[in-house]
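Novice: could you look at this predicted model? Sequence included:
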Amino acid sequence: MATLTAPAPRTVLPALLRHRAVGKLLVLAALAAVLVPLADARWASGSWPQALTVDLTKPLSTASDWIINNRDSHPLFLYFFGYISNAVVLSVRAVYLVLLAAGWAGVTAAAGLLAWRIAGVRLAAGTAAAILACGLLGMWVPTMQTLALMVVAVLFSVVLGALLGLAAGLSDRTFRALRPVLDTMQVLPAFAYLLPVVLVFGIGVPAAVLATVIYAAPPMARLTALGLRGADGEVLEAVESLGTTARQRLFTARLPLARKELLLGLNQTIMMALSMAVIASVIGAGGLGDRVYQALASVDVGAALAAGIPIVLLAVVLDRVTGAAGEGVRDGGRAGWAYAAAATVAVALAARPAGLLGWPDSWTVRIAEPVNRAVDWMTAHLYSGVPYVGGTADWAGHFTTWILDPVRGGLQWLPWWAVLLVVAALAWLIGTWRTALTAVLAMAATGVLGVWKPSLDTLSQVLAAVAVTLVLGVATGIAAARSDRCERLLRPVLDVFQTMPQFVYLIPVVALFGVGRAPAAVAAIVYALPAVVRITAQGLRQVDAAALESARSLGGTTVQQLRQVQLPLARPALLLAVNQGVVLVLAVVIIGGLVGGGALGYNVVFGLAQGDLATGLVAGAAIVCLGLMLDRVTQPTERRAKKGA
């Protein structure tokens, strides 16, 4: 026995050393032993060196002044941007006038019949009820304004995204060129799009629509390219063998095979356009988002909720209808659509002599006052002084004192080169040296831009919020994966939360937690939680049943099955949950600048409010770099290789 077991230590150790992660750790330890003393001797203070900072204030201010001074006279603005602006204004106005001319009865009939043709009676009734609820809440005109902006923005987004996706799907060179651009746009928070557009087009509807188009087009482009590139090769080969041209193959094979991805792209584009249309109220989009923004500015939670509920209803309806379209349109052919269109026109025409164009004031339900009374009660009874558990203000204060401040202090205490080394190590462990290089360069760019400390402040909020999100999300996802009843109970809640635009999350947060970094983090946690729960539950449910059955047959307990079988096999899904949690948290932490989140979000808000291109654009660029770094550090190499391919 002794002779048989003696060689074991010699074989285990080399096998351990041959493990790629262990090898990387050894290389990192060796590099740290060399680099840390050198960096400490050269940059002992730890603060970002002034010599490595590039001051963009003067060139950006010069560019901003030139644009402002020439916006009304230069040919580029008069004959290019001016025509685009006019086309957007005319398009939005035309759609808005059509909606007003149809009246509330015509719009409700059109929405209900459209949903009926796509998904049946049940969704049609829900759609009509949601449209009527917008009027009952006294938000009919703002809802029509938002819908008009949405229709134009989605149309332009779909056309632009489909053209880009078509080019990327048919050309490898175009796909390689577009992929880094789409990756960057995917991690760029919505707020960062606003300032450059405002600078060129000014405050108003054109800037809001174009910012929405830029934000919402990438999902359509990515999913179109994905559908075209993922088409069944055997089908394409069979079609090509029939002597068809490239154009015929595109329209008879590639596009029909990519139908599901195209409709999913439409769904994602609509949802992102609605989210951005609400955020764009900051730059004069009007509609429901403007009502929410104005109510938040005056801390009128009742008015904010009255405008927020229609936004949520629109989001849920649009998500359901476009999601049902992906499953297939109901039978009935062109005749069914013709009957639906005729019925809509008949209802709209019949409503005119009956005086049913504008929503009657007597049918309006005023909820602002009772909601504000409820908020006052919660503020008086839940905000502070609750026995044993404290109040929401106490929780926010404890979260700031015990979590946010220590994380921020720790990051800002670390020397800048130590932060870059940690970023490089994490990115290399999960990816390749190219991943590490990209992450380090992105993080270093925040220092070069002169916003190292605000970037670390934002990073601390993201890390703290992501940690809480993952603890709650993974635990809830495990419960949903192991219990069908729990999954059924959670589904409608997650559906509503996942379709709710980012801006709306600030309403209850301000009411319960006031303003500050903690409320911004809470809003980010609530926004990112549904995605983490869904991805975790889906990953655990897709674990190989044979592996679970084998673990059960060996007498494994429920905890052992989870820890030793399900979680390891669901690792790709869990890493995806981490990645999505980080990206979604970052998006809302930046918007948290509106409620006292500070850091880069405050710089963007300040730049928008003051028209300060240097402050806002530098902060926006830093947000892009921070998002790119976080995306690289949390996204596995194998998924990144497949992303969009």
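Specialist: On my side now, so go ahead. Numbers count the residues shown, from 1 in each chain.
Novice: for the stretch 501-645 of the chain, which segments count as helices?
Specialist: 506-513, 517-541, 545-553, 558-561, 567-569, 571-591, 599-610, 613-634, 637-642 (DSSP state H, counting those that start in this stretch).
Novice: and if you look at the stretch 301-450 of the chain?
Specialist: 301-327, 333-351, 368-381, 392-399, 405-413, 416-430, 433-448.
Novice: quick one: the third one to helix 506-513, angle?
Specialist: In other words, helix 368-381. Helix 368-381 and helix 506-513 are oriented at 40 degrees to each other (axes from the mean of the first three to the mean of the last three C-alpha atoms, to 10 degrees).
Novice: kindly format the C-alpha coordinates of helix 368-381 as CSV.
Specialist: Extracted C-alpha coordinates of helix 368-381, given in CSV (Å, rounded to 0.1, in the frame of the first residue of the first chain):
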residue,chain,number,x,y,z
ALA,A,368,-52.0,62.6,-6.6
GLU,A,369,-53.6,63.9,-3.3
PRO,A,370,-54.3,60.5,-1.7
VAL,A,371,-50.9,59.2,-2.7
ASN,A,372,-49.2,62.2,-1.2
ARG,A,373,-51.2,61.7,2.0
ALA,A,374,-50.0,58.1,2.1
VAL,A,375,-46.4,59.3,1.5
ASP,A,376,-46.8,61.7,4.3
TRP,A,377,-48.0,58.9,6.6
MET,A,378,-45.1,56.7,5.5
THR,A,379,-42.7,59.5,6.1
ALA,A,380,-44.1,60.1,9.5
HIS,A,381,-44.2,56.4,10.5
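Novice: so how far is that helix off the chain centroid?
Specialist: 31 Å (C-alpha atoms, centre = their mean, to the nearest Å).
Novice: for the fourth one, same thing?
Specialist: Between the centre of helix 392-399 and the centre of its host chain there is 27 Å, according to C-alpha atoms, centre = their mean.
Novice: top helix in this protein by residue count?
Specialist: When the chain is parsed with DSSP state H, its longest helix is helix 82-119.
Novice: that helix - contacts with which helices or strands?
Specialist: helix 121-136, helix 140-170, helix 205-229, helix 301-327, helix 333-351 (3 or more C-beta pairs under 8 Å, 6 or more residues apart in numbering; DSSP states H and E). For glycine as for every other residue, the C-beta is placed from the backbone atoms N, C-alpha and C.
Novice: got the buried residues for the longest one?
Specialist: Residues of helix 140-170 classed as buried: 140-154, 156-158, 160-162, 164-169 (neighbour count, 16 or more other C-beta atoms under 10 Å).
Novice: how about the helices and strands packed on helix 82-119, which one is nearest Met500?
Specialist: Across those, Met500 has its closest neighbour in helix 301-327 (5.2 Å, C-beta to C-beta).
Novice: and the closest one, what's buried?
Specialist: For helix 301-327, by 16+ other C-beta under 10 Å, it's 301-326.
Novice: and the angle from it to helix 506-513?
Specialist: Going by the same axes, to 10 degrees, helix 301-327 makes 140 degrees with helix 506-513.
Novice: tell me the angle helix 301-327 makes with helix 121-136.
Specialist: Counting by the same axes, to 10 degrees, helix 301-327 lies at 160 degrees to helix 121-136.
Novice: mind checking pLDDT for the closest residue to Gly323 other than its chain neighbours?
Specialist: In this structure, Gly323 finds its nearest non-sequential neighbour in Asn267, 5.8 Å apart by C-beta to C-beta, 6 or more residues apart in numbering. For Asn267, the model assigns a pLDDT of 81.
Novice: and Asn267, what element?
Specialist: Element membership of Asn267, judged by DSSP states H and E, is helix 259-279.
Novice: same for that helix, what does it pack against?
Specialist: Going by 3+ C-beta pairs under 8 Å, 6+ apart, helix 259-279 lies up against helix 140-170, helix 205-229, helix 287-297, helix 301-327.
Novice: so which residues make contact with stretch 388-395?
Specialist: Leu382, Tyr383, Ser384, Gly385, Val386, His398, Leu512, Phe513, Gly514, Ala518 (C-beta atoms under 8 Å, 6 or more residues apart in numbering).
Novice: before we move on, what about stretch 525-535?
Specialist: Residues contacting stretch 525-535 (C-beta under 8 Å, 6+ apart): 465-466, 468-470, 472-474, 476-477, 480, 490, 494, 497-498, 500, 502, 505, 509, 573-574, 576-577, 580-581, 584-585, 587-588.
Novice: what about that stretch, average pLDDT?
Specialist: 88.
Novice: can you pull the buried residues of it?
Specialist: Ile525, Val526, Tyr527, Ala528, Leu529, Pro530, Ala531, Val532, Val533, Arg534, Ile535.
Novice: output that stretch as PDB - backbone C-alpha positions only.
Specialist: C-alpha atoms of stretch 525-535 as PDB (Å, rounded to 0.1, in the frame of the first residue of the first chain):
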ATOM      1  CA  ILE A 525     -30.700  47.200  -7.000                       C
ATOM      2  CA  VAL A 526     -34.400  47.100  -7.700                       C
ATOM      3  CA  TYR A 527     -33.900  47.800 -11.400                       C
ATOM      4  CA  ALA A 528     -31.200  45.100 -11.800                       C
ATOM      5  CA  LEU A 529     -32.800  42.400  -9.600                       C
ATOM      6  CA  PRO A 530     -35.300  41.000 -12.100                       C
ATOM      7  CA  ALA A 531     -32.700  40.200 -14.700                       C
ATOM      8  CA  VAL A 532     -30.400  38.500 -12.200                       C
ATOM      9  CA  VAL A 533     -33.300  36.400 -10.800                       C
ATOM     10  CA  ARG A 534     -34.500  35.300 -14.200                       C
ATOM     11  CA  ILE A 535     -31.000  34.400 -15.500                       C
END
